[in-house]
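Asker: any chance you could fold what I've pasted below:
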Amino acid sequence: MAVSGLRLLIGEDYRSSLAQITGLANEASALLVEMFSDEHGESERYKENISKIKDACAEIAQGVNSSLSWSYFNAVDREDLHALTSELWRVVYLIETQVKAAAAYGVREYTPQMRRLASLIQEMTQEMKLLVSIVTKPRDIDVHRPEIRRLKRESREVYTEAIGALIREGSDTERVIIRKDLYENLNETLGSCLKISSLYEVIAIKNA
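Answerer: Numbering: from 1, shown residues only. As a prediction, the model looks like this:
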């Protein structure tokens, strides 16, 4: 989804708004994966694009939240919609934070664990795009549960492996601090994605 072609459909169809902001989160995660695959570690050139995506997400979230006081929703609670849009924006915010931190630290090399965690974030945002359908088809949540569980399990395993490797290689204090900060941010982003999947499960239960 190109930011320049963004169309806000807040008052007309909140499902379109969820799809738009989720698509932007997926776009941001793809840029994160691309940055971590960059052999030259040129994080600076990714900052501008991800910042634009974050601003577009903020615009959609603001539009959704401002419409909650007067719009009628029959398939999802106002509180659930607010939580979803806020958490989706937070995912992009955390990705931007990751990119800014890498640029500030001058990171030129990314570990295999960082690349895998970034890929898992992208997989989660792709799954989040599919979860939008839960709003109108709550029974479809059963189809997504196995993949959500797999992503949750693998993200924990990779994060634990990353921290373990960091401890074993802890001779360079500065590098340990920098990598630990990046790992923690990646883990927080993964946690935010999992929270979104939990919110969709709540919506599915309420509307089953």
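
Asker: going by C-alpha atoms from here, please, whenever you check contacts or count neighbours.
Answerer: OK.

Asker: excluding its backbone neighbours, what's nearest Ala28?
Answerer: Closest residue to Ala28 apart from its sequence neighbours, by CA to CA, 6 or more residues apart in numbering: Ile50 at 5.9 Å.

Asker: pull the contacting residues for that neighbour.
Answerer: Ala28, Leu31, Val92, Ile95, Glu96 (CA atoms under 8 Å, 6 or more residues apart in numbering).

Asker: just the element for the residue most central in space within the chain, please.
Answerer: The chain has Val91 as the residue nearest its centroid, 3.6 Å off, counting by CA atoms, centre = their mean. Val91 belongs to helix 78-105 when assigned by DSSP states H and E.

Asker: buried sites along the helix or strand bottoming out on mean pLDDT in the chain?
Answerer: One helix or strand of the chain scores below all others by mean pLDDT, DSSP states H and E: helix 44-67, with a mean of 87. Neighbour counts over helix 44-67 (16 or more other CA atoms under 10 Å) mark 46-47, 50-54, 56-58, 60-65 as buried.

Asker: I'd say Ala103 and Ser43 touch.
Answerer: Yes. Ala103 is in contact with Ser43 according to CA atoms under 8 Å; the separation is 5.3 Å.

Asker: who has more neighbours out of these two?
Answerer: Using other CA atoms under 10 Å as the criterion, Ala103 and Ser43 rank with Ser43 on top: 23 against 18.

Asker: pLDDT score assigned to the more buried one?
Answerer: Per-residue confidence at Ser43 stands at 76 (pLDDT).

Asker: quick one: residues contacting it.
Answerer: Neighbours of Ser43 in contact, by CA under 8 Å, 6+ apart: Met35, Val99, Lys100, Ala102, Ala103, Val107.

Asker: make JSON lines out of those residues and add pLDDT and distance to Glu188.
Answerer: Below are these laid out as JSON lines (pLDDT from 0 to 100; distance: CA to CA, whole Å):
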{"residue": "Met35", "pLDDT": "92", "distance to Glu188": "18"}
{"residue": "Val99", "pLDDT": "93", "distance to Glu188": "14"}
{"residue": "Lys100", "pLDDT": "93", "distance to Glu188": "15"}
{"residue": "Ala102", "pLDDT": "91", "distance to Glu188": "16"}
{"residue": "Ala103", "pLDDT": "89", "distance to Glu188": "19"}
{"residue": "Val107", "pLDDT": "88", "distance to Glu188": "19"}
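
Asker: any idea how far Arg78 is from the closest residue to His82 other than its chain neighbours?
Answerer: Excluding the flanking residues, the one nearest His82 by CA to CA, 6+ apart is Asn65, at 6.1 Å. Separation of Asn65 from Arg78 (CA to CA, to the nearest Å): 9 Å.

Asker: do the same with Asp140
Answerer: The gap separating Asp140 from Arg78 is 21 Å, by CA to CA.

Asker: now swap in Asn26 and tell me
Answerer: Distance, Asn26 to Arg78, by CA to CA: 24 Å.
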